[in-house]
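1. structure, please.
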Amino acid sequence: MKKLIIAIVAFTLPSLAIAAGGNVHLDKADIDLTNKASLQNGAKMYVNYCLGCHSMKFMSYARMAKDLQLPEELVMENLMFTGNKIGDYMTVAMPSVDSAEWFGTTPPDLTVVARSRGTDWLYTYLRNFYIDESRPFGMNNLLFPSVSMPHVLWQLEGLKKPVYKTEKGEDGKDHQIFKGYEYISEGSMTPAKYDKAVRDLVNFLEYAGEPAKLIRYDLGIKVILFLVIFLVVAYRLKKEYWKDIH
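-> Residues are numbered from 1 along each chain as shown. Take a look at the predicted model:
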């Protein structure tokens with residue numbers, strides 16, 4: 001039993017360390033899967049900024065078009081760059097061997113990334129890139145230090161650098177405490193609009209991880225309404241059956 005516990009701890013600790021991202025506070029994504037406009041904008045963001053490297057091989061364009069209430073002609077004309085049939089899956093043309101050589105690792109498929117990482121983690125991650133000239137692409141990430149991924153949304157957000165404050169710790173030594181960011185150049189979006197765009201993208205990733213959620217949410221509302229109506233009918237029926245006894 002002792003060996004089993006040690007094995008479980010050894011297996012789970014690396015995952016917990018990755019998920020924690022250096023104990024950085026995770027901002028709330030506050031996504032809404034019922035917001036079709038958000039999901040549609042998130043799909044556009046994904047196709048234009050993520051699909052060049054990250055596939056979504058378990059999601060088909062046809063399913064996306066149906067769930068997000070997008071005309072198939074619109075999807076084929078504006079959101080399909082790697083296939084020629086609406087039934088195709090969202091794959092990338094980049095060979096995995098080349099991508100591993102360029103980035104140091106093959107960019108992962110993102111179909112279920114929201115389920116594995118969590119929406120708050122993704123939302124925080126995409127908003128914490130900063131300039132770091134020591135990195136191959138000149139960028140680093142506060143939540144995921146030494147990340148291989150470049151900041152593909154920098155033109156939208158702009159470029160920024162971290163600001164640290166020196167404080168003495170309990171050990172009596174000076175420590176660099178992260179205080180915030182200082183923008184070096186502005187992007188095409190204001191910070192508020194960029195946060196919204198990232199939220200839409202994360203919302204789409206959450207949908208892609210489990211498209212059936214949209215059906216479950218809709219069905220759940222109908223079931224609850226049915227139960228409420230049935231409760232009223234059942235109560236009145238009970239009153240009618242038992243009126244002679246009471």
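2. longest strand of the protein?
-> In the chain, assigned by DSSP state E, the strand with the most residues is strand 174-186.
3. quickly run through the sheet partners of that strand, with directions.
-> strand 158-168 (antiparallel) (DSSP bridges).
4. got the CA positions of the strand it pairs with in PDB?
-> Provided in PDB are the C-alpha atoms of strand 158-168 (Å, rounded to 0.1, in the frame of the first residue of the first chain):
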ATOM      1  CA  GLY A 158       0.300  44.900 -28.300                       C
ATOM      2  CA  LEU A 159       3.700  44.300 -26.600                       C
ATOM      3  CA  LYS A 160       4.300  44.500 -22.900                       C
ATOM      4  CA  LYS A 161       7.000  43.900 -20.300                       C
ATOM      5  CA  PRO A 162       6.500  42.800 -16.700                       C
ATOM      6  CA  VAL A 163       7.100  45.200 -13.800                       C
ATOM      7  CA  TYR A 164       8.600  43.800 -10.600                       C
ATOM      8  CA  LYS A 165       9.000  45.300  -7.100                       C
ATOM      9  CA  THR A 166      11.700  44.300  -4.700                       C
ATOM     10  CA  GLU A 167      10.400  43.200  -1.300                       C
ATOM     11  CA  LYS A 168      12.000  41.500   1.600                       C
END
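5. so what's the gap between that strand and the chain middle?
-> With C-alpha atoms, centre = their mean, to the nearest Å as the basis, strand 158-168 stands 26 Å off its chain's centre.
6. quick check: buried residues in it?
-> 158-160, 162 (16 or more other C-beta atoms under 10 Å). The way it works is simple: take the backbone N, C-alpha and C, and place the C-beta from them, glycine included.
7. over to stretch 212-223?
-> Under 16+ other C-beta under 10 Å, the buried positions of stretch 212-223 are L214.
8. what does it rub up against?
-> For stretch 212-223, the surrounding residues in contact (C-beta atoms under 8 Å, 6 or more residues apart in numbering) are 33-34, 67, 206-207.
9. are any of these buried, and which?
-> The neighbour count (16+ other C-beta under 10 Å) marks 33, 67, 206-207 as buried among the contacts of stretch 212-223.
10. out of these, which are inside helices?
-> 67, 206-207 (DSSP state H).
11. in JSON lines: these, plus distance to A93.
-> As requested, these are exported to JSON lines (distance: C-beta to C-beta, whole Å):
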{"residue": "D67", "distance to A93": "25"}
{"residue": "E206", "distance to A93": "26"}
{"residue": "Y207", "distance to A93": "24"}
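12. can you show me the helices along the chain?
-> Under DSSP H, the chain gives helices at 2-20, 36-49, 61-67, 72-78, 96-103, 113-117, 119-125, 154-157, 191-209, 212-242.
13. distance of I184 from V163?
-> 12 Å (C-beta to C-beta, to the nearest Å).
14. how about D244?
-> 79 Å.
15. could you do L227 as well?
-> 54 Å.
16. over to G118?
-> G118 is 27 Å from V163, by C-beta to C-beta.
17. tell me the domain boundaries of the chain?
-> 2-210, 221-246 (automatic domain parsing).
18. next, the distance between the ends of stretch 168-178.
-> End-to-end distance of stretch 168-178 (C-alpha to C-alpha, to the nearest Å): 13 Å.
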